[in-house]
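Enquirer: sequence first, predicted model second:
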Amino acid sequence: MYFELDTLHTDPKRIRKEREKARALRMSDWWKQKLALGNCHYCGEKFAAKELTMDHVVPLSRGGLSTRGNLVPSCKPCNQSKGLATPVDLLLS
């Protein structure tokens, strides 16, 4: 897939701020509970908590934010294959 990124969304200061928010959420009880369930958001498979990564459903570079509604646990293969796609992109591909 080809994505044309808006410079407003790819501003390094904005990306840095959102990554800091994601790091803070990674330490929260909310995130630890998500990991404890062990489910990949995309494939639904069960994994050990250490095998799951934090994924932005709408990527930061596509305008996504580091909020609870946009952060999901994902296995590494799903996270890598998703790349910069959004849920709409995945449905339409």
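Expert: Structure received.

Enquirer: average pLDDT for the strand or helix carrying Val88?
Expert: Secondary structure from DSSP states H and E places Val88 in helix 87-92. For helix 87-92, mean pLDDT rounds to 84.

Enquirer: could you do stretch 21-38 as well?
Expert: Stretch 21-38 comes out at a mean pLDDT of 97.

Enquirer: list the buried residues in that stretch.
Expert: Within stretch 21-38, the residues that count as buried by 16 or more other Cβ atoms under 10 Å are Ala22, Leu25, Trp31, Lys34, Leu35. Placement of C-beta: from N, CA and C, glycine included.

Enquirer: ok, now stretch 68-85?
Expert: Buried-residue list, stretch 68-85, by 16+ other Cβ under 10 Å: Asn70, Leu71, Val72, Pro73, Ser74, Cys75, Cys78, Asn79, Lys82, Leu84, Ala85.

Enquirer: can I assume Thr53 sits in a helix?
Expert: No - assigned with DSSP: H, G, I helix; E, B strand; the rest coil, Thr53 falls outside any helix and is strand.

Enquirer: skip the chain neighbours and tell me the closest residue to it.
Expert: Leaving aside its chain neighbours, Thr53 sits nearest to Asn79 (5.0 Å; criterion: Cβ to Cβ, 6 or more residues apart in numbering).

Enquirer: so Val72 sits against Val58, correct?
Expert: No - the pair Val72 and Val58 does not pass the contact test of Cβ atoms under 8 Å, sitting 10.8 Å apart.

Enquirer: no further questions, thank you.
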